[in-house]
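**Q** Mind folding the following:
(2 chains)
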Amino acid sequence: ETGVTQTPRHLVMGMTNKKSLKCEQHLGHNAMYWYKQSAKKPLELMFVYNFKEQTENNSVPSRFSPECPNSSHLFLHLHTLQPEDSALYLCASSLKHGSYNEQFFGPGTRLTVL
Amino acid sequence: GENVEQHPSTLSVQEGDSAVIKCTYSDSASNYFPWYKQELGKRPQLIIDIRSNVGEKKDQRIAVTLNKTAKHFSLHITETQPEDSAVYFCAAVSSGSARQLTFGSGTQLTVLP
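**A** Below is the predicted model:
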């Protein structure tokens, strides 16, 4: 699959579990993003990585831990989540952060926290 | 930081009619305003964008207008078709080194056949 891929597409986890979301982009981009999409709320930016360096952390709780080993891969490590963390988590990438670059989104991971 | 408000939250139009979605932003230094379309169960995709140095941009049946003085911008869809049914998000890029996208809350557009 080309573009931005995310795995898994669906995830159900308990509050004591540890899981990871994976995002991979095949577009040669240098910036990657994690967004949270909850019902009837705006897309919320969580983290930004530009050339593998984290440039933004929008007051995200420490139970969400991002990792960007290279410009093509982005992970979101999850531990001790709360039911209110249930949402669609979208990854996106752009050529670089900080200019008029279109963001390309992945299909998202639908997360349910029990 | 930037704050983007979007109205209406839902909009139903008859096929062939026009649809208008409006957004306001708070940061007067914002200078890039993209619109994304998200069909049911699919990812958001950019459909049109406008920079602050122009007041209007058109691409076939969709157009976006920008009023910098009033800090609002609008999406116009003419001759709507059922496949236009989706959630539309406006966004603004804030100023400074951050330049992150701040999204509106979305508009669910339904085009009735």
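
**Q** what's the closest non-adjacent residue to A:Met46?
**A** A:Trp34 (4.3 Å; Cβ to Cβ, 6 or more residues apart in numbering or on different chains). Every C-beta, even on glycine, is put in place using the N, C-alpha and C of the backbone.

**Q** measure the one you found to chain B for me?
**A** Per Cβ to the nearest Cβ, to the nearest Å, A:Trp34 is found 12 Å from chain B.

**Q** Can you name every helix or strand that the strand or helix carrying that residue contacts?
**A** Here A:Trp34 sits within strand A:31-37, counting by DSSP states H and E. Applying 3 or more Cβ pairs under 8 Å, 6 or more residues apart in numbering or on different chains; DSSP states H and E, one finds that strand A:31-37 makes contact with strand A:18-25, strand A:44-50, strand A:73-79, strand A:87-94.

**Q** Single out the most deeply packed of those strands.
**A** Compared across these, strand A:87-94 shows the largest average neighbour count, a mean of 23 (mean count of other Cβ atoms under 10 Å in any protein chain shown).

**Q** ok, and what's touching that one?
**A** With Cβ atoms under 8 Å, 6 or more residues apart in numbering or on different chains as the contact definition, strand A:87-94 has outside contacts at A:4, A:6, A:21, A:23, A:25, A:27, A:29, A:31-38, A:43, A:74, A:76, A:101-106, A:108-111, B:43-44.

**Q** Show me how to select, in PyMOL, the buried members of the residues you listed.
**A** A single PyMOL command selects the buried members of those (16 or more other Cβ atoms under 10 Å in any protein chain shown):
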select buried, (chain A and resi 4+6+21+23+25+29+31+32+33+34+35+36+37+43+74+76+101+103+104+105+106+108+109+110+111) or (chain B and resi 43+44)
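
**Q** Parallel or antiparallel, list what pairs with the lowest-mean-pLDDT helix or strand in chain B.
**A** One helix or strand of chain B scores below all others by mean pLDDT, DSSP states H and E: strand B:101-103, with a mean of 88. Strand pairing for strand B:101-103, using DSSP bridges, gives strand B:86-93 (antiparallel).

**Q** tell me the angle the partner strand makes with strand A:31-37.
**A** When axes from the mean of the first three to the mean of the last three Cα atoms, to 10 degrees is applied, the directions of strand B:86-93 and strand A:31-37 differ by 130 degrees.

**Q** Fine by me, we can end here.
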